[in-house]
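Engineer: Turn this into a structure:
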Amino acid sequence: MQTANSGGTGGGSSHRPYRLTISRLTVDKLGVKLYDKASAVVAEVVANSYDGDAEHVTVRLPLSTLLARKVKADGSGVERVEDLGYVIEIEDDGHGMTPDEALDFYLEVGRDRRRDLRSPNGAYSRGKKRPVMGRKGIGKLAPFGICREIEVISAGGPKTSKGYLVAHFTLDYDEILEPTDKPVPLKPGERDNTYALKHGTLIRLKRFAAKRVPDEETFHRQLATRFAVAQRDFEIVVEDTRDPSAHSAKSVSPVSIAIDKNTRIDLSTRPLVDEEGRRLPVTGWLAMAKESYKDEETAGIRIYARGKIVAMTRDFEQPAGFTGEFTIRSYLVGEVFAEWLDLDDGEDLIRSDRQGILWDSDYGRPLRKWGAELIKEIGKLSKEPRRKRVREIFLKKSNIEAKSKEAYADSRVAGVAVELAKQIGSFAAEDELEDQEYVEGLTEVILSVAPHKALVEAFQEFRNQVANGEEVSLNQMLDLFGKERIAELASYSQIAAHRVGVIHELERIVRKTSDESELQRLITEAPWLIEATWTVISTNQRLKTVKSSLEAFLAKRTGEKVTLAIEFQTKRPDFTLVSVGSKLHVVEIKAPNHPFDDHDMDRLGNYLDAFDAFFEQHEFVRKEFPDGYQITLIVDSTTGMKISNNKRAFKAARDEKKLRPRPWEDFLADAKKAHEQFLTINDKFRALAASRSK
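Structural biologist: Residues are numbered from 1 along each chain as shown. Predicted structure coming up:
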């Protein structure tokens, strides 16, 4: 192959060898940046303590505390981090390190101690022969994810007459992670090459980023879920440095999750078979939790190897769309112990932050397939218990039994409502049962349907009785007609009750709060307030098409982004669209007592022109709405307009019936008049209820 040379370096004239340089910044990006929580950083240090044969590890830190805060530099507006002087310490009673051991092993970043022939114990700890947790050799730099200074004080080696030899040095983030591959000299500490009475290591973290240490319960839980050490000779104690009293020191205990025992699967009887037919031992358990996930640490399945977490998953990485997906991803919990995920001589399958594995690897694929089968099984086991649980939650939150008795004097109709609640409640969206509005809406539907279901059941009984030649009594006939009347009245009462409630809410907002966003919500959800004959059909497909086209047209025409609503949205829209018959109704509201002024009219005039042009240029809109459009402007006063041309334009639009202005009090009065009968009956029932309660 013939190639081109440049700069005189080709043809063997250069004697520089090819060389690949990996800077410390690469280690920073691949390792350190993955640790951004205090608990994750502490866990990495604790793992080193475990590998160092420690039996007791004490973590001292300020709980529920912001370690540093961001402040803006004077004048420039640039943020800087202000250190608040906090310190985190992790101290253990392990075998520690001498200065030589620190140099030869600890300070070599990226060293795999399991494969390093210089390491006398390889994959096992020095004294207790524990399978070591560390592998990548970058965990020692994990604290740089939250701080800028790591001080190491370690006493180890053989015991001498003076004690144990001390290694003391400091790692500085800014010095260590400069873009170079040259060794960085470290500053020795005052205790370096002195002696200590006890062996062990103290790691002290300083100069923090703007990170927060969570509360005691959360921190303990975060730390506990990262380890699954079964040995009795290893304890982690957390001391809150904000509380110097002795009772602040507490041992980290295993996390306990309340589960549905009927769904628990013992994994020791379910070995995994890989793609080559080999049986891979697995222990632990899977189950459905009694409650949906309350925190991220206990959400899903924790997978462990060598006593330390290697992955978290909610569904063994199944693609979306499987049966029971929501329930599985909200309730499935468990612990899986699979030592073969972290073999000494095998492929490194574990992410640096130990929160995931390579699922497309030789071990990851069979693990995913194995998990999918277990999910199917546990889904079947949990189906009926879940329905029972959801049903009981709904019955309690809805108070359906009391409400049905209050709504219907006929005990059979009330009973049907309760039975319906049991059936429908079993399939309710469990995550939504915390939303009282959802519960009340579902309860209202059940109470509406109950009379009709009771009527159907009564007719079925009547038919069966006649078919069997039995005589039908007058009381049975009256009962049947009574249920028919209840069903009919129930339908009307639901409509009436809803409209009365909306009108009362409208009156409250107009006269007391003048909340424009609340008024927008009411009108969008109940367009019959504007015109009693209007019904909520505003979200049909043709209106959605018009909305999309009109928003784009108005944005281009006016140069501003225009938001149109066909159903309520939290962001206040510019206009609300309602489709009634052959006319498109556009509603704009101004806050009560707002005087419509020249600025408002300039804006409205632009939109009137834009609507005219939109109808003229789009044939499909003219076909959908042959009677054109009308803007209903709900505003209390137009006295704010001072410019004559604006006044004339306003009058012309009103005379052409393109604009229909209405004050809020007139709007409220019209709504009340249109529903006068409903309101009168409601007042009578309230008065009757008040007299009965005396």
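Engineer: how close does Lys673 get to Asn593?
Structural biologist: Distance of Lys673 to Asn593, computed by CB to CB, to the nearest Å: 22 Å. The C-beta positions use only the backbone N, C-alpha and C, and glycine is treated the same way.
Engineer: Domain-wise, how is the chain divided?
Structural biologist: For the chain, automatic domain parsing gives the domain ranges 24-251, 261-383, 399-499, 515-662.
Engineer: any idea of the mean pLDDT for the longest one?
Structural biologist: For domain 24-251, mean pLDDT rounds to 84.
Engineer: likewise the third one?
Structural biologist: If you average the pLDDT over domain 399-499, you get 68.
Engineer: how about TSV for the domains of the chain, with distance to Ile393 added?
Structural biologist: Converted to TSV, the domains of the chain look like this (distance: least, CB to CB, whole Å):
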stretch	distance to Ile393
domain 24-251	25
domain 261-383	10
domain 399-499	5
domain 515-662	28
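Engineer: Mean neighbour count and distance to Arg391 added to the ones you listed, as JSON lines?
Structural biologist: Converted to JSON lines, the domains of the chain look like this (neighbours: other CB atoms under 10 Å; distance: least, CB to CB, whole Å):
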{"stretch": "domain 24-251", "mean neighbour count": "17", "distance to Arg391": "30"}
{"stretch": "domain 261-383", "mean neighbour count": "17", "distance to Arg391": "13"}
{"stretch": "domain 399-499", "mean neighbour count": "16", "distance to Arg391": "4"}
{"stretch": "domain 515-662", "mean neighbour count": "16", "distance to Arg391": "30"}
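Engineer: right, so of those, which gets closest to Val390?
Structural biologist: Each of the domains of the chain was scored for nearness to Val390 using CB to CB, and the closest is domain 399-499 (5.1 Å).
Engineer: Report how many residues lie close to Ser253.
Structural biologist: Per other CB atoms under 10 Å, the neighbour tally for Ser253 reads 10.
Engineer: Next up, the contacts around the residue nearest to it when sequence neighbours are not counted.
Structural biologist: For Ser253, the nearest residue in space outside its immediate sequence neighbours is Ala224; the separation is 6.5 Å by CB to CB, 6 or more residues apart in numbering. Residues counted as contacts of Ala224 (CB atoms under 8 Å, 6 or more residues apart in numbering) are 252-255.
Engineer: Next: Ile393.
Structural biologist: With contacts defined as CB under 8 Å, 6+ apart, the neighbours of Ile393 are 425, 430, 433.
Engineer: What about the closest residue to Glu291 other than its chain neighbours, how many residues nearby?
Structural biologist: By the measure of CB to CB, 6+ apart, the closest residue to Glu291 outside its immediate chain neighbours is Ala258, 6.9 Å from it. Burial measure for Ala258: 10 neighbouring residues, criterion other CB under 10 Å.
Engineer: picking that back up, which one of the contacts of Ala224 sits closest to Gly189?
Structural biologist: Distances from Gly189 to those, taken by CB to CB, are shortest for Val252, at 28.8 Å.
Engineer: separation between the closest one and Ser49?
Structural biologist: Using CB to CB, one gets 13 Å for the distance from Val252 to Ser49.
Engineer: Show residues contacting stretch 67-74.
Structural biologist: The contact list for stretch 67-74 (CB under 8 Å, 6+ apart) reads 38, 78-84, 86, 146-147, 208-213.
Engineer: Same question for stretch 47-54.
Structural biologist: Counting contacts by CB under 8 Å, 6+ apart, the residues touching stretch 47-54 from outside are 57, 90, 92-96, 125-128, 130, 132-134, 139-140, 200-201, 227, 229, 234, 307-308.
Engineer: Just the ones of the residues you listed in strands?
Structural biologist: Among the contacts of stretch 47-54, the members falling in strands (DSSP state E) are 57, 90, 92, 200-201, 308.
Engineer: How much space separates Tyr86 from Glu149?
Structural biologist: According to CB to CB, Tyr86 and Glu149 sit 12 Å apart.
Engineer: meant to ask about Arg60
Structural biologist: Distance from Arg60 to Glu149, counting by CB to CB: 16 Å.
Engineer: Take the contacts of Ile393 and keep only those in helices.
Structural biologist: Gly425 (DSSP state H).
Engineer: quick check, nearest of the contacts of Ile393 to Val273?
Structural biologist: Val273 lies nearest to Glu430 out of the contacts of Ile393, by CB to CB, at 34.6 Å.
Engineer: Pretty sure the closest one sits against Arg391.
Structural biologist: No: counting by CB atoms under 8 Å, Glu430 sits too far from Arg391 to count as a contact (10.4 Å).
Engineer: which stretches of the stretch 551-694 of the chain form strands?
Structural biologist: When assigned using DSSP state E, counting those that start in this stretch, the strands of the stretch 551-694 of the chain occupy the ranges 564-565, 575-580, 583-589, 595-597, 629-634, 637-640, 659-662.
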